[in-house]
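Colleague: build me a structure from this.
(chains A and B)
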Amino acid sequence: MSRPDAAIAAPRPLLQTAGLEIAYVSRDSTIVAVRDASIVVHEGESVALVGESGSGKSTIARAMLGLLPEGTSRIAQGRILIDGQDVTAYSPRQWEGMRGHPVAMVFQDPLSYLNPVLRIGKQIAESVRRHDRGAPREAARVAELLELVHLPASAARAYPHELSGGMRQRVLLAIALGCRPKLLIADEPTTALDVTTQAEILALLKDLRQRLGMAMLLISHDLGVVWEECERAYVMFRSRIVESGITRQIFSAPQHLYTAGLIKAAKAARNSDNRFETIQGEFSTAVD
Amino acid sequence: MADAPLLVLDQVGKTFHRRGSTPLAAVKSVSLTVHVGEIVALVGESGSGKSTLGRIALGLLPPDSGRVTFDGHDLTGLSRSAFRRVRTGMQPIFQDSTAALNPRRTVRQLLTQALWQNPVDVEARCVGLLEDVGMRPATRFLDSYPHELSGGQRQRVSIARSLAMEPKLIIADEPLSGADVSIRGQVLNLLLDIQDQREVAYLMITHDISIARAFAHRVAVMMQGEVVEVGPADQVLRTPHHAYTQRLVAAAPVLA
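Modeller: Next up is the predicted model:
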């Protein structure tokens, strides 16, 4: 039975959190790292989670793939849904089947996530083997992935330490893509890279998103990058989402004082006293 | 006297020889001047040689060729004691404030140590220095150890220690790299205040073009051991001439 209006249905949420609260628990204290966080990422979208250190953005990112430290962290409230499935209470075993597809992740420091004693071709192949069962020729798929991330075929024989930072990040991307993800969570993927390398990696990510129809959740503190790469953004401050919406709108007319302060600080603009704008008062993150 | 040359790097070169590998020319014949009261930004990516140049300027690394002149003194060939005296006019601030402070010394001890040249009124001067870097009330911090302070506070203590020597030039190597965006403004404002009060010149080594443009009077762009472009900060970064500078500026994400 065809439904004429099905074609114009809203894009599906690939990833969704509802009223999420996450705490880090130790014997003497409980620190709430994330409060009442509701986030959604649809197919094909590029969304940013913006915040400074301690805002909770990395905690949310890790929670979304079950990467929070077991035992010392707790999802106190709320739900996480991936492709409509409630994964909030997933066991580590259940997560194993979930990671990579439909959601994959890349991190800031590729060297920490690559096996130093395995050639990268083997590491990419490992990803293909786990998620692309039935791929006719593993080697062909690895070559395809290397090409997707613009790495030369010869890179397959290299060890991680033999590659530059930018190349290692491309390897992480290839491994993530080996799972054919619908959504890529990128946690500060270019922070450790030179600005020209960063531009290349961001261009690559854009190219991949367009070619593969992949959605992206970008975790970043760099407002310039967010402005250029993400249609929507959530701004986090000290565990809460303080503002969210279309990037262009948030940045041109921020509603929240913290967002406004962050934007001014990011622009490195000088005020009337010829001094840089800082975030004062209650929205200052300075512990001074 | 403003505009007089303070630090002059004259055709400075440095090559590192590595066993089992080809020699690396980290710095190839670089000439650069920082004048009294000026802020010069040395901009480059990793491997450009900017940090090596900074260490040569500070006298931490001897150049293979060329000359480093500070306050009229040729640093090469000075006796140890003469070098120490001249060098106090030039102080560093490093990227990693944690590594820069002896973890087994209190703030008071760290600052006292920096006042070695003239140990008079030490306690009062320590208090004054902490207040100059915005750490008030100073008495709260004097007995703290570095690990008891936040990253921003450690950075301020490093700056206070540099100020203790009453330098004419501060060479800062990526002093803002670890800091959150909202903290950067505070550190930069502090450096500007210090310049207003003490007429200190800065050589700021950074990879961040927006900081260089907003903070510096002049910018020198380094690529693979050479300065490829130098000029007024706003001019060089708004209308870059050299292809590499153009690439750098184009690559930097801009918040419109």
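
Colleague: now the one helix or strand residue A:224 maps to - C-alpha only, PDB.
Modeller: Residue A:224 belongs to helix A:223-229 when assigned by DSSP states H and E. Output of helix A:223-229 as PDB, limited to C-alpha atoms (Å, rounded to 0.1, in the frame of the first residue of the first chain):
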ATOM      1  CA  LEU A 223      33.800  27.700  16.800                       C
ATOM      2  CA  GLY A 224      35.300  28.400  13.400                       C
ATOM      3  CA  VAL A 225      35.200  24.800  12.500                       C
ATOM      4  CA  VAL A 226      31.700  24.400  13.700                       C
ATOM      5  CA  TRP A 227      30.600  27.400  11.800                       C
ATOM      6  CA  GLU A 228      32.000  26.000   8.600                       C
ATOM      7  CA  GLU A 229      31.100  22.400   8.900                       C
END
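
Colleague: give me the distance from that helix to the chain's centre.
Modeller: Centre-to-centre, helix A:223-229 and its host chain are 14 Å apart (Cα atoms, centre = their mean, to the nearest Å).

Colleague: which helices and strands does that helix pack with?
Modeller: strand A:46-50, helix A:195-212, strand A:215-220, helix A:247-252, helix A:257-266 (3 or more Cβ pairs under 8 Å, 6 or more residues apart in numbering or on different chains; DSSP states H and E). C-betas here are computed from N, CA, C, even on glycine.

Colleague: what about it, average pLDDT?
Modeller: The average pLDDT within helix A:223-229 is 92.

Colleague: which ones are touching residue A:47?
Modeller: For residue A:47, the contact set (Cβ atoms under 8 Å, 6 or more residues apart in numbering or on different chains) comprises A:39, A:41, A:215-218, A:230-234.

Colleague: got the residues of chain A near chain B?
Modeller: A:52-53, A:165, A:194-199, A:202, A:221-225, A:227-228, A:251, A:261-263, A:265-270, A:274-279, A:284-288 (Cβ under 8 Å from any Cβ of the partner chain).

Colleague: mind running it again at 6 Å?
Modeller: Taking Cβ under 6 Å from any Cβ of the partner chain as the criterion, the neighbours of chain B within chain A are A:52-53, A:194-196, A:199, A:223-225, A:227-228, A:265-268, A:275-279, A:285-288.

Colleague: quick one on the thing from earlier: columns mean pLDDT and distance to residue B:215 on top of the helices and strands packed on helix A:223-229, output as TSV?
Modeller: Converted to TSV, the helices and strands packed on helix A:223-229 look like this (pLDDT from 0 to 100; distance: least, Cβ to Cβ, whole Å):
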stretch	mean pLDDT	distance to residue B:215
strand A:46-50	96	24
helix A:195-212	92	17
strand A:215-220	95	23
helix A:247-252	94	23
helix A:257-266	89	13
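
Colleague: closest one to residue B:132 among the ones you listed?
Modeller: Proximity to residue B:132 (Cβ to Cβ) singles out helix A:257-266 among the helices and strands packed on helix A:223-229, at 23.0 Å.

Colleague: quick check: residues of the stretch 101-250 of chain B near chain A?
Modeller: Checking the stretch 101-250 of chain B against chain A by Cβ under 6 Å from any Cβ, the hits are B:150, B:152-153, B:180-183, B:185-186, B:188-189, B:210, B:214, B:247.

Colleague: closest point of chain B to chain A, which residue?
Modeller: Of all residues in chain B, the one sitting closest to chain A is residue B:253 (3.1 Å; Cβ to the nearest Cβ).

Colleague: from residue B:210, how far off is that residue?
Modeller: For residue B:253, the distance to residue B:210 equals 9 Å [Cβ to Cβ, to the nearest Å].

Colleague: picking that back up, need the worst-confidence member of the residues of the stretch 101-250 of chain B next to chain A.
Modeller: Least confident of these in the model: residue B:182, at 74.

Colleague: show me where the chain has strands.
Modeller: Just so you know, I chose chain A. For chain A, applying DSSP state E gives strands covering A:13-25, A:30-42, A:46-50, A:73-82, A:85-86, A:103-106, A:183-187, A:215-220, A:232-237, A:240-246.

Colleague: try chain B instead
Modeller: Using DSSP E, the strands of chain B run over B:5-16, B:24-35, B:39-43, B:65-70, B:73-74, B:90-93, B:169-173, B:201-206, B:218-223, B:226-232.
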